[in-house]
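In: Predicted model, plus sequence, below.
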Amino acid sequence: MKRILLASAAFAALLSAPAMAADLAVKAPIYKAPPPVVAVWSWTGCYVGGHVGGLWAHKDWTDRTPGSPNYGASVGGHDADSWLGGVQGGCDYQFAGGFVVGIQGDYAWTDAKGSNANSIFPAITDSTDIKSIATVTSRVGYAWDRFLGYVKGGGAWERDEYRSYGTFAGGRAFTLDIAGSETRSGWTIGVGGEYAFTNFLSGFIEYNYYDFGTRDVTFSNNVTTYGIKETKSVVRGGLNFRFGPGPVVAKY
């Protein structure tokens, strides 16, 4: 009988062991906070803004007057340097991490003037007055968060005014004062960097080279024609007011 009772007690103890273990206090799991949500800057969006800078142009003049004994001869050249100021606008798209492509248009006013004495007729002064310059360019760059480095290139146009004037002394003394003007086209290539100070404001600085080739310009007497070649460098900086995606939330 005792053996039966002892066996029953042992069996009951075995049955109650899991229940007792379940009643023991279970240590609460350690709470782990989720990774923080990070806002990553994106250059995707559009912008408008303004810029100021300096312009350095060089003009070479060649006699292209039909029937002239000096046809094809150089009559000299000069620099036309000054300030410029203007406006710009465009759109960018960022993809594959940090790559950025975009398109931009800009227009600037200037008053770059230069002149030289005509090398064939020293009594004549040939002068240039550059009035404005405009471009439509595409740009490709790479962004390191809020800094964007880029190269750009595209078409360029400018408005020029010319004048040849002087007084010839001697037995056939006379005064010459003729003018010409044109809107000429060319191409441009440049390099620059832009930094986003805030979600809505960025600043940039860049260098651009322009080549307008050689164009024949007939002056106001409808006879005198000069072939005028031009190249130009521009350094400018400015601000852009941006609107678009801006910061993009990166989720984990």
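Out: All right, it came through fine. Residues are numbered from 1 along each chain as shown.
In: And the pLDDT for residue 224?
Out: pLDDT recorded at residue 224 is 95.
In: Spatially, and excluding backbone neighbours, which residue is closest to residue 204.
Out: Closest residue in space to residue 204, ignoring its immediate chain neighbours: residue 194 at 3.9 Å, by C-beta to C-beta, 6 or more residues apart in numbering. Heads up, the C-betas are built off the backbone N, CA and C, glycines and all.
In: Contact partners for that neighbour?
Out: Under the criterion of C-beta atoms under 8 Å, 6 or more residues apart in numbering, the neighbours of residue 194 are 147, 148, 150, 202, 203, 204, 240.
In: Next, format those residues as CSV and append pLDDT.
Out: Converted to CSV, the contacts of residue 194 look like this (pLDDT from 0 to 100):
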residue, pLDDT
147, 97
148, 98
150, 98
202, 97
203, 98
204, 98
240, 98
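In: Which one of those residues is nearest to residue 94?
Out: Nearest to residue 94, judged by C-beta to C-beta, of these is residue 148 at 8.9 Å.
In: List the beta-bridge partners for the closest one.
Out: residue 143, residue 194 (DSSP bridges).
In: low-confidence ranges in the stretch 51-200 of the chain?
Out: Along the stretch 51-200 of the chain, segments meeting pLDDT under 70 span 170-173.
In: again, 90 this time
Out: 97, 167-176 (pLDDT under 90).
In: before we move on, back to that, need the buried ones from the contacts of residue 194 selected in ChimeraX.
Out: Selecting the buried subset of those in ChimeraX, with 16 or more other C-beta atoms under 10 Å as the burial test, is done by:
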select :148,150,202,204,240
